[in-house]
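S.K.: Take this sequence and fold it.
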Amino acid sequence: MIAVKLKGGALYVSIIISILVSIILSLFILIAYFNLKSVQSQASLSQLQLSLESGFEIAKSEYFSLLNEGSWQKMSYNNDSVIVRKTPWGCFTLIDVKAKNTHFKIQQTGLFGCNAFRDTALMIADQNRPVSLAGKIKFNGYCYLPQAGVQSAYIEGTTFSDLNSVREYIKPSPSYIPSLDPTYLKDIEFIQNQLNTYSDSLLSFIPDNLNQSFKHKTTVIQQGSILLSNVKLSNNIKLIAANSITVENNCELNNVLLIARKIIFKTKFKGNVHVIAKDSIITEDNCEFNYPSSFCVYSNAAIKTENPNIRGIFFGKECKFKGGLLAANDKLELSKMMIKVNSKFELIGNLYSSNYAEVQGNLYGSIFCQTLLLQTPSGIYENHLLNCNINPKKYNTHLVVPDWFLQKEKKYVCAQWF
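M.R.: As a prediction, this is how the structure comes out:
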């Protein structure tokens with residue numbers, strides 16, 4: 001067999017090799033290009049994460065207010081921009097931050113407060129009267145009580161004889177309990193009376209089932225009075241009533257915000273809610289509020305009557321609450337505030353009343369009130385404690401509570417990320 005020699009064979013081989021080398025080099029260049037883009041993209045995203053954190057620091061600063069939110073702010077050190085939303089969500093503070101650049105847009109929302117007090121169990125104002133104890137009393141933290149001291153009392157067939165067991169925890173109380181942050185109260189007043197045109201979106205009816213993400217605008221339902229029955233509502237939802245909101249026990253509420261003059265929870269309700277009321281919050285028996293829930297009763301409108309009513313938060317029998325309870329008066333307010341509980345009440349969190357508070361049950365947190373007021377079937381007693389166990393240390397390690405107090409620099413801690 002005679003072999004046929006192909007003319008220009010070497011040239012063909014050279015061309016094929018050149019094409020292969022070109023393809024391989026192009027692949028290397030393409031891989032290098034995409035690798036560079038990936039590195040740049042990752043760096044851009046990492047930088048945007050830092051800008052997002054900066055947005056939270058802006059919200060936490062003392063210079064931020066509800067009036068300057070809603071516009072994109074360009075970062076001074078790069079091309080990133082952030083937009084910050086900060087608003088009361090019950091007693092806690094909701095902070096939502098969006099960050100964007102040429103390639104990415106990210107968002108994060110959290111519910112913020114402060115770390116729980118480790119050593120403060122109870123603080124009342126010194127009114128030069130002793131505190132009387134009856135029933136089973138146990139302290140596991142400092143109790144700031146009047147310099148007149150403590151004494152035994154006989155209430156509802158019980159007394160307290162072991163005064164030495166509580167003396168080691170007693171410290172002298174101040175003339176006034178710690179002041180509330182006026183900016184915090186102004187924000188509460190703002191959200192009670194005005195809608196936020198930037199972040200709120202009105203809905204004309206109450207849906208049976210709605211889970212509104214915090215990445216979108218707040219769904220707002222506004223009516224004269226609201227009755228919630230057999231509904232399932234979660235997260236970024238705000239219900240506003242000029243008069244009252246009544247919540248049946250067949251409702252499933254998770255992180256929703258209720259705003260009204262008066263709010264009522266029916267027997268055996270269970271959920272996670274945040275409530276702001278001007279007059280009162282009432283829970284019937286066997287209600288349970290999961291962490292982090294919060295109740296706030298506040299109004300700066302003066303009531304011009306000769307016998308102003310006592311307003312506040314009133315719990316039925318055997319209720320459980322995890323979060324923050326606040327009943328506060330403006331300085332010009334004529335009516336009195338009250339937080340009423342009972343002997344089988346359980347609190348994991350903090351309680352603050354600018355006037356009266358009933359201290360009974362198992363209280364795993366810190367209690368602040370101007371005056372103790374005890375109501376029993378046989379009478380009403382001032383500066384009396386009956387059947388209470390106050391232990392701020394049991395859950396304080398991981399417990400975040402509302403940050404109410406006036407201080408130079410607030411240290412925000414996240415209670416829940418969404």
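
S.K.: switch to C-alpha atoms for all contacts and neighbour counts from now on
M.R.: OK.

S.K.: Spit out the contact partners of the spatially closest residue to residue 176 that is not a sequence neighbour.
M.R.: Spatial nearest neighbour of residue 176, excluding adjacent residues (CA to CA, 6 or more residues apart in numbering): residue 125 at 4.9 Å. Residue 125 makes contacts with 145, 146, 173, 174, 175, 176, 177, 369, 370, 371, as judged by CA atoms under 8 Å, 6 or more residues apart in numbering.

S.K.: Most neighbours among those residues, please name it.
M.R.: Neighbour tally across these (other CA atoms under 10 Å): the maximum, 27 neighbours, falls on residue 369.

S.K.: May I have the secondary structure class of it?
M.R.: Under the three-state scheme (DSSP: H, G, I helix; E, B strand; the rest coil), residue 369 adopts strand.

S.K.: roughly how far apart are the residue nearest to residue 176 and residue 153?
M.R.: Here the criterion is CA to CA, to the nearest Å. By it, residue 125 lies 20 Å from residue 153.

S.K.: about what we covered before: could I get the contacts of residue 125 as JSON lines with pLDDT and distance to residue 395?
M.R.: Output for the contacts of residue 125, formatted as JSON lines (pLDDT from 0 to 100; distance: CA to CA, whole Å):
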{"residue": "145", "pLDDT": "92", "distance to residue 395": "23"}
{"residue": "146", "pLDDT": "91", "distance to residue 395": "27"}
{"residue": "173", "pLDDT": "91", "distance to residue 395": "24"}
{"residue": "174", "pLDDT": "90", "distance to residue 395": "26"}
{"residue": "175", "pLDDT": "88", "distance to residue 395": "29"}
{"residue": "176", "pLDDT": "88", "distance to residue 395": "27"}
{"residue": "177", "pLDDT": "90", "distance to residue 395": "23"}
{"residue": "369", "pLDDT": "94", "distance to residue 395": "21"}
{"residue": "370", "pLDDT": "93", "distance to residue 395": "25"}
{"residue": "371", "pLDDT": "93", "distance to residue 395": "26"}
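
S.K.: quick one on the thing from earlier: tell me the confidence at the residue nearest to residue 176?
M.R.: With respect to pLDDT, residue 125 scores 92.

S.K.: same check, this time on residue 67
M.R.: If you check residue 67, the pLDDT there is 55.

S.K.: Spatially central residue in the protein, please.
M.R.: Geometric centre of the chain, nearest residue: residue 92, 2.5 Å, by CA atoms, centre = their mean.

S.K.: My read is that residue 241 contacts residue 222, right?
M.R.: Yes. Under the criterion of CA atoms under 8 Å, residue 241 makes contact with residue 222 at 5.8 Å.

S.K.: what's the single longest helix in this protein?
M.R.: Ranked by residue count under DSSP state H, the longest helix found in the chain is helix 9-60.

S.K.: Strands of the stretch 151-300 of the chain, residue ranges please.
M.R.: Assigned by DSSP state E, counting those that start in this stretch, the strands in the stretch 151-300 of the chain fall at 170-172, 200-202, 209-212, 218-223, 226-228, 232-235, 237-241, 244-247, 252-265, 270-283, 288-299.

S.K.: wait, which of those strands is closest to residue 34?
M.R.: Across the strands of the stretch 151-300 of the chain, residue 34 has its closest neighbour in strand 209-212 (37.8 Å, CA to CA).
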